[in-house]
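> here's my sequence, what's the structure:
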Amino acid sequence: MLCVTHDDAPLLADLMPWSVASPRIGRGWPTGPDAASLKARWDALVKAEGPDREALFEPTRSRTLHSAVGQLPGQSSGTEKLARAAGPCPEPVRVLHAPFDEQWLIPDHRLIDVARPELWRVADDRQVFVAETAGGGAGPVLLATSLLPLLRPGRVRPLYRRPGGADPNLAPGLLEFLGERLGEVPAPADVLAWIMAAVRVDLAVPLTGDPELWARGVESGRRVLRLMCRDGERPKLPGGRRPYVRAPLPARPHTLLYDREEEALQIDEGRISPVPPEAWDFEVSGVRVLEAWFTARTAPTEPTGTLESIRPTTWPQTWTSELLELITVLALLSEVPPLPDQLTSPVTATDLHRAAVLPPPPQSRRPASVLDTHEEGPEGQLTLL
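Sure thing, here's the model as predicted:
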């Protein structure tokens, strides 16, 4: 049995060459855990005038009420300057706001300091975005999502460079090289599954030419992808392990505690159980996921007069459903078996260099030209790329 060392395992940055820094919103109010509050915030903004509107907007060096920007690809917001904007709120879209925390965003380019249009152009129902976590501590170093990820400070790597699942973001020649070693050319989604199962803390990805070991890793990675990219599917634990609300959650909860002996979440006087210890202990970058998710919904209200102070006055039922699903996802992820530290028939970075798969050509690190529809520029003009 041969050992793939960290030094000779290829890097994720070479296997998936095109990466983009995650979008940077620049202000907190265009995102939130419920869409209704975002629409109310927008309404408050456009009803305000002059200096009041400017204060509510929270201008930065990148965005003011007078910034001239075009539409986000695939969205239909207005393009007149916000100083004179009116009308209804653009329909909020679902985003991955933090690890395992799906929230909502007003998809209006005028509200976002750095939107990364190249990511919006390739976002569709075939796309999978791979986002690096901040690193450090326990938990996964990569998260996969079908939603636009807002996680910072890591890079985002789309699986496909073009809409419709076209042009995989993989080093040219990698699929064919693996096919020679494995006896069958893998699909791009299977390579991503292997990456999710095998990636290491240093973002190196050991590869193997052993078909049996490859199949094991791909199956583990597929389970991870199904749990992270649920796309409407609701995973379930076996009957006796499914979490239920045992005592109703309060209208305005403040505290979250875990009873390890009873395997129960205490939310003030509310109670959810069973909650496996593995779900409670699940961390990303040293931060406990369940605690961070709860805090994002119950943190002290922002000062009156700011848009962020517009938020639900009571705990919505949808949040309870999302919490139960999150507990289930974390519990199931903790059960995915890891790959062995030592891999048979290793495929090393040296092997890939000898086969001219690495280094990937410079153009593979840049976005593809995907503009096949008109995009509206500032003040209704046509965008030219």
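> around the closest residue to residue 8 other than its chain neighbours, count how many other residues there are.
Take residue 8 and drop its neighbours on the chain: the residue closest to it by C-beta to C-beta, 6 or more residues apart in numbering is residue 348, 4.3 Å away. The C-beta positions use only the backbone N, C-alpha and C, and glycine is treated the same way. For residue 348, the neighbour count with other C-beta atoms under 10 Å is 17.
> tell me the contacts of residue 348?
With contact set as C-beta atoms under 8 Å, 6 or more residues apart in numbering, residue 348 has these partners: 4, 8, 9, 10, 207.
> among these, which are in helices?
Taking DSSP state H as the definition of helices, these contribute nothing to them.
> farthest-apart pair in those, please.
In the contacts of residue 348, two members sit farther apart than any others by C-beta to C-beta. They are 8 and 207, at 10.5 Å.
> neighbour count for those two, which is higher?
Between residue 8 and residue 207, residue 207 has the larger neighbour count (other C-beta under 10 Å), namely 27 against 15.
> on that earlier part again, with the contacts of residue 348 in mind, which one is nearest to residue 129?
Of those, the one sitting nearest to residue 129 (C-beta to C-beta) turns out to be residue 10, at 20.6 Å.
> make sure the closest one is actually in contact with residue 207.
Yes: look at residue 10 against residue 207 with C-beta atoms under 8 Å: they come within range, at 6.6 Å.
> mind listing the shared neighbours of those two?
Residues within reach of residue 10 and of residue 207 at once, by C-beta under 8 Å, 6+ apart, are 347, 348.
> quick one, helices of this protein?
Counting by DSSP H, residue ranges of the helices within the chain are 12-15, 35-47, 50-57, 117-121, 174-182, 188-198, 211-228, 277-281, 289-298, 317-333, 349-354.
> need the ones you listed in a markdown table (columns: mean neighbour count, distance to residue 23 and mean pLDDT).
A markdown table is the format used below for the helices of the chain (neighbours: other C-beta atoms under 10 Å; distance: least, C-beta to C-beta, whole Å; pLDDT from 0 to 100):
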| stretch | mean neighbour count | distance to residue 23 | mean pLDDT |
| --- | --- | --- | --- |
| helix 12-15 | 21 | 20 | 98 |
| helix 35-47 | 18 | 16 | 98 |
| helix 50-57 | 15 | 18 | 97 |
| helix 117-121 | 21 | 7 | 96 |
| helix 174-182 | 18 | 28 | 98 |
| helix 188-198 | 23 | 21 | 98 |
| helix 211-228 | 19 | 19 | 97 |
| helix 277-281 | 17 | 29 | 97 |
| helix 289-298 | 18 | 18 | 97 |
| helix 317-333 | 18 | 22 | 97 |
| helix 349-354 | 16 | 31 | 98 |
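> quick one, which of those helices is nearest to residue 243?
helix 317-333 (4.8 Å).
> so which other helices or strands are in contact with that closest one?
helix 211-228, strand 244-247, strand 270-273, helix 277-281, helix 289-298 (3 or more C-beta pairs under 8 Å, 6 or more residues apart in numbering; DSSP states H and E).
> export the ones you listed to JSON lines and append columns for distance to residue 319.
JSON lines is the format used below for those (distance: least, C-beta to C-beta, whole Å):
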{"stretch": "helix 211-228", "distance to residue 319": "20"}
{"stretch": "strand 244-247", "distance to residue 319": "12"}
{"stretch": "strand 270-273", "distance to residue 319": "12"}
{"stretch": "helix 277-281", "distance to residue 319": "17"}
{"stretch": "helix 289-298", "distance to residue 319": "6"}
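> let me see the domain layout of the chain.
6-232+345-380, 239-300+312-333 (automatic domain parsing).
> save these as TSV, and put in distance to residue 339 too.
Output for those, formatted as TSV (distance: least, C-beta to C-beta, whole Å):
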stretch	distance to residue 339
domain 6-232+345-380	5
domain 239-300+312-333	15
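> and residue 61, how many neighbours?
Residue 61: 7 neighbours (other C-beta under 10 Å).
> got the contact list for it?
Here residue 61 is in contact with no residue (C-beta under 8 Å, 6+ apart).
> could I get the phi/psi values of it?
Reported as degrees, to the nearest 10, the phi and psi values for residue 61 are phi -60, psi -30.
> check it and give its pLDDT.
At residue 61, the pLDDT value in this model is 96.
> any idea how far it is from residue 24?
According to C-beta to C-beta, to the nearest Å, residue 61 stands 12 Å off from residue 24.
> and for residue 244?
Distance from residue 244 to residue 24, by C-beta to C-beta: 39 Å.
> how much space is there between the residue nearest to residue 8 and residue 190?
For residue 348, the distance to residue 190 - C-beta to C-beta - is 20 Å.
> and for residue 88?
Residue 88 is 43 Å from residue 190, by C-beta to C-beta.
> where are the low-confidence patches of the stretch 51-200 of the chain?
Judged against pLDDT under 70, the stretch 51-200 of the chain has no low-scoring part.
> same thing but 80
134-137 (pLDDT under 80).
> and the residue nearest to residue 353 when sequence neighbours are not counted, how many residues sit next to it?
Distance criterion C-beta to C-beta, 6+ apart; nearest residue to residue 353, sequence neighbours excluded, is residue 359 at 7.5 Å. For residue 359, the count of nearby residues is 14 (other C-beta under 10 Å).
> touching, residue 359 and residue 352? I think so.
No: judged on C-beta under 8 Å, residue 359 makes no contact with residue 352 at a distance of 9.0 Å.
> who touches stretch 184-194?
15, 128, 130, 144, 159-160, 168, 170, 174-176, 178-179, 205, 207, 211, 214, 217-222, 224-225.
> how far does it sit from its chain's centre?
21 Å (C-alpha atoms, centre = their mean, to the nearest Å).
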